[in-house]
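[1] sharing a model that was predicted from the sequence below.
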2 protein chains.
Amino acid sequence: MAEKIRTIYDLAKLAGVSGATVSRALAGKDVVNSKTAEKIRKLAADHGFRPSSIARNLRMQKKGAIGVVIPLGHDKTQHISDPFFMTLIGALADELTEKGFDLVLSRIIPDTDDWLNRMIDSDRVDGYIIIGQSNQSKTLDRVAQSYLPMVAWGAFAQGQIHCSVGTDNFLGGMLAASHLIDKGCKKLAFCGNTQAIEMALRLDGAKEAVKQSGKDVSLVETPTHLAAELSGTDIAAFLDSTDEMPDGIFAGSDLIALTAIQVLVGRGLSVPNDVRVIGFDDLLLAQTSVPTLTTIRQDITSGAKHLVECLLARINGAPTGSIVLNPELIQRAST
Amino acid sequence: MAEKIRTIYDLAKLAGVSGATVSRALAGKDVVNSKTAEKIRKLAADHGFRPSSIARNLRMQKKGAIGVVIPLGHDKTQHISDPFFMTLIGALADELTEKGFDLVLSRIIPDTDDWLNRMIDSDRVDGYIIIGQSNQSKTLDRVAQSYLPMVAWGAFAQGQIHCSVGTDNFLGGMLAASHLIDKGCKKLAFCGNTQAIEMALRLDGAKEAVKQSGKDVSLVETPTHLAAELSGTDIAAFLDSTDEMPDGIFAGSDLIALTAIQVLVGRGLSVPNDVRVIGFDDLLLAQTSVPTLTTIRQDITSGAKHLVECLLARINGAPTGSIVLNPELIQRAST
DNA sequence: TTGAAAGCGCTAACAG
DNA sequence: CTGTTAGCGCTTTCAA
């Protein structure tokens, strides 16, 4: 027990077999006698032995690491600090670690057109997960034609070549607007920056819901910065300029929703009595805010799982389609 | 040029030398003839060749990776989403990549007392950077007695055993309060959660500045959650309960400062005319907010550099002291 | 079902 | 200053 087991050969000696057998047993190959395999695995566990992934990677010509890259737009500080992305990265870390991959984080500034090619050429990881396609969709498509092990979080666009995993933003938008309409709202406002494709889809979904409702409901769009620190003034400006106060606000993100609530409450309005507010994402803060936030849930954990799953399939040479996750309405106190 | 060169031997053949020489040249060993070294390096650059770090790591018995761990307190969602930490992690990623290390991100929940020991025993990385000591200072101290390659971001406490890198929060607090006093403020308020040691130090510094000013200045403390989504109501509640409005607010973070400004503006008060507000951190959002935010700057880039530097020293067996960085007053429009 | 042996690509003595 | 050589710890034919 006090022996220090550093290699599979140490363990082999202990088990009275050869290194090769240990290797096979630990790798779960079914050729080994199940008795011996069991014995070897127990021994390994007892001694807390884990075969060196470095050596394995060298031998197998793999890297044992996945690059998670955050393209930083110019002034888009939003991306790096957005709690949504941060939560996603955390979930990815968990998922990849479990699969035996390291998560190599890198931020890049998509200044030139070939940033992705350069990353890939550097050949330091087995594959890439791109967080936030933003406006780099064509770049992704171009690269995806010749480079398989890459997946991106975000919206799915008809005809895209690269693999994406993301929420059905259109449906989410419909759910949100329908909910507001069901609650009796007649004058809806959407707060979000529709330059981001995801936001645009959410707004489109909301419009569709309004249309389908057949009721006399209006929907105005108020361009709102995504960054928390800017959305407040945007919303305030909108409220100042509009002649009639909306009675239902569909915010493009939980952060915006919370900001909206602050602005509204600051003006003496009550949420949800005077104005109902619904968010998007269902971050932890949606549960802890006052009032708690009704929102459209994106399943981040499941998103991370799918991202990793697709990527691993692609690393093994199997092309995968894109995945569109279902959003879910979470009813809380703000509506 | 079209040759595919994958190993140092390919390059060696091209350069007409042995693999060993290529290895030495690329490693920057000064024993090689500078002419040949230059030639080899140029050749490598031309072909975009980078020696396999996997093989190197195997040979050198290193991992080539640094664990960056975020201890997640129970309900302390603050830690994971805090833009400050996120920015720091980004800077660390840049710094480590440059030094040839992968950044292996992991989140852990410090449930049992031995989470750190377990991480270290798993032996997957060359060293650890702990982001946010929170209340785990004793754990860190205990582990630090026998495990060298570990550094933590955060406050320095007299007598601590582990290595920390962080800002002088006390001095930062003094700077902030002094600035407000210089601007003529008489009734100061501090907004922050002083359960976090860093916050407590900032408040202490502010108190000291008030004392030293010799003027008739008051300073009240208003407990404020760190999480952006909660601080708003805290601040509003404080303003409601106090009999006299402060004329200077020292917020424990930029996020809190921005929230405070929103609340104040929402009540028809002007910043900085009616109330001056100063933050802490100097995140990007301090420059982009309206009004731009006067704040106490923590140099994140330099912090990341020091963190990595100390850790590398420790990996090489050299103990290092802790580092306390100087905060800097950044004057903008909110005061 | 198992073992022997040959490397994966690199670095570091040790000679020259 | 440079080449030869022997592995780092693992996986994988190829035989037994």
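    Thanks, I have it.

[2] which residues touch the closest residue to A:L293 other than its chain neighbours?
    Counting by C-beta to C-beta, 6 or more residues apart in numbering or on different chains, A:A286 is the residue found nearest to A:L293 once chain neighbours are left out, at 4.0 Å. C-betas here are computed from N, CA, C, even on glycine. If you count contacts by C-beta atoms under 8 Å, 6 or more residues apart in numbering or on different chains, A:A286 has them with A:254, A:257, A:279, A:292-293, A:295, A:330, A:332.

[3] including secondary structure, pLDDT and neighbour count, could those go into a markdown table?
    Output for those, formatted as a markdown table (DSSP: H, G, I helix; E, B strand; the rest coil; pLDDT from 0 to 100; neighbours: other C-beta atoms under 10 Å in any protein chain shown):
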| residue | secondary structure | pLDDT | neighbour count |
| --- | --- | --- | --- |
| A:D254 | helix | 90 | 27 |
| A:A257 | helix | 91 | 29 |
| A:G279 | strand | 96 | 32 |
| A:T292 | coil | 87 | 15 |
| A:L293 | coil | 94 | 29 |
| A:T295 | strand | 98 | 30 |
| A:I330 | strand | 97 | 17 |
| A:R332 | coil | 95 | 17 |
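
[4] of all those residues, which comes closest to B:P51?
    Nearest to B:P51 out of those is A:D254 (C-beta to C-beta; 46.0 Å).

[5] show me where the stretch 51-200 of chain A has strands.
    Ranges of strands in the stretch 51-200 of chain A, per DSSP state E, counting those that start in this stretch, are A:65-71, A:102-108, A:127-131, A:150-153, A:163-167, A:187-192.

[6] go through the second one and flag the buried ones.
    So that's strand A:102-108. For strand A:102-108, a neighbour-count test (16 or more other C-beta atoms under 10 Å in any protein chain shown) marks A:102-107 as buried.

[7] now the residue nearest to A:L293, what's its secondary structure?
    With DSSP: H, G, I helix; E, B strand; the rest coil as the basis, A:A286 sits in helix.

[8] hang on, the earlier thing: so which of the buried residues of strand A:102-108 also contact chain B?
    Counting by C-beta under 8 Å from any C-beta of the partner chain, A:102-107 from these sit close to chain B.

[9] where is pLDDT lowest across those residues?
    Least confident of those in the model: A:R107, at 78.

[10] that one bridge partners, please.
    Beta bridges link A:R107 to A:I70, judged by DSSP bridges.

[11] that one reaches B:G90, doesn't it?
    Yes - with contact defined as C-beta atoms under 8 Å, A:R107 reaches B:G90; the gap is 5.3 Å.

[12] now for the contacts of A:A286, which pair is the farthest apart?
    Pairwise over the contacts of A:A286, using C-beta to C-beta, the maximum falls at A:A257 and A:I330, 12.1 Å.

[13] joint contacts of the two?
    By C-beta under 8 Å, 6+ apart, the residues touching both A:A257 and A:I330 are A:286, A:295.

[14] what's the local residue count around the one residue in the stretch 151-300 of chain A that gets nearest to chain B?
    Taking C-beta to the nearest C-beta as the measure, the stretch 151-300 of chain A has A:G266 as its residue closest to chain B, at 2.2 Å. By other C-beta atoms under 10 Å in any protein chain shown, the residues close to A:G266 number 19.

[15] surely it touches B:Q262?
    Yes - if you go by C-beta under 8 Å, A:G266 and B:Q262 touch, sitting 6.9 Å apart.

[16] care to break chain A down by domain?
    By the assignment in automatic domain parsing, chain A contains the domains A:8-51, A:65-167+A:300-325, A:169-297.

[17] out of those, deepest packed?
    Counting by mean count of other C-beta atoms under 10 Å in any protein chain shown, domain A:169-297 has the highest mean neighbour count of the domains of chain A, with a mean of 21.

[18] now the end-to-end length of that one.
    Taking C-alpha to C-alpha, to the nearest Å, domain A:169-297 runs 11 Å from one end to the other.

[19] now do stretch A:143-163
    Using C-alpha to C-alpha, the end-to-end distance of stretch A:143-163 comes out at 11 Å.

[20] that one near chain B at all?
    No - on the criterion C-beta under 8 Å from any C-beta, stretch A:143-163 is out of touch with chain B, staying 16.0 Å away.

[21] helices of the stretch 101-250 of chain A, residue ranges please.
    With DSSP state H, counting those that start in this stretch as the definition, the stretch 101-250 of chain A shows helices at residue ranges A:115-122, A:137-144, A:169-182, A:197-213, A:228-241.

[22] need the ones next to chain B among the buried residues of strand A:102-108 in a markdown table (columns: distance to DNA strand D).
    As requested, these are exported to a markdown table (distance: C-beta to the nearest atom of the strand, whole Å):
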| residue | distance to DNA strand D |
| --- | --- |
| A:D102 | 16 |
| A:L103 | 21 |
| A:V104 | 21 |
| A:L105 | 26 |
| A:S106 | 27 |
| A:R107 | 32 |
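
[23] going by mean pLDDT, which of the strands of the stretch 51-200 of chain A comes out lowest?
    Of all these, mean pLDDT reaches its minimum on strand A:102-108 (a mean of 83).

[24] mind giving me the packing neighbours of that one?
    Packing contacts for strand A:102-108, counted by 3 or more C-beta pairs under 8 Å, 6 or more residues apart in numbering or on different chains; DSSP states H and E, involve strand A:65-71, helix A:83-98, helix A:115-122, helix B:83-98, strand B:102-108.

[25] for B:I129, find the nearest of those.
    Closest to B:I129 of the helices and strands packed on strand A:102-108, according to C-beta to C-beta: helix B:83-98, at 6.5 Å.

[26] show me the contacts for A:M150.
    With contacts defined as C-beta under 8 Å, 6+ apart, A:M150 is in contact with A:120, A:127-130, A:140, A:143-144, A:162-163, A:311, A:314.
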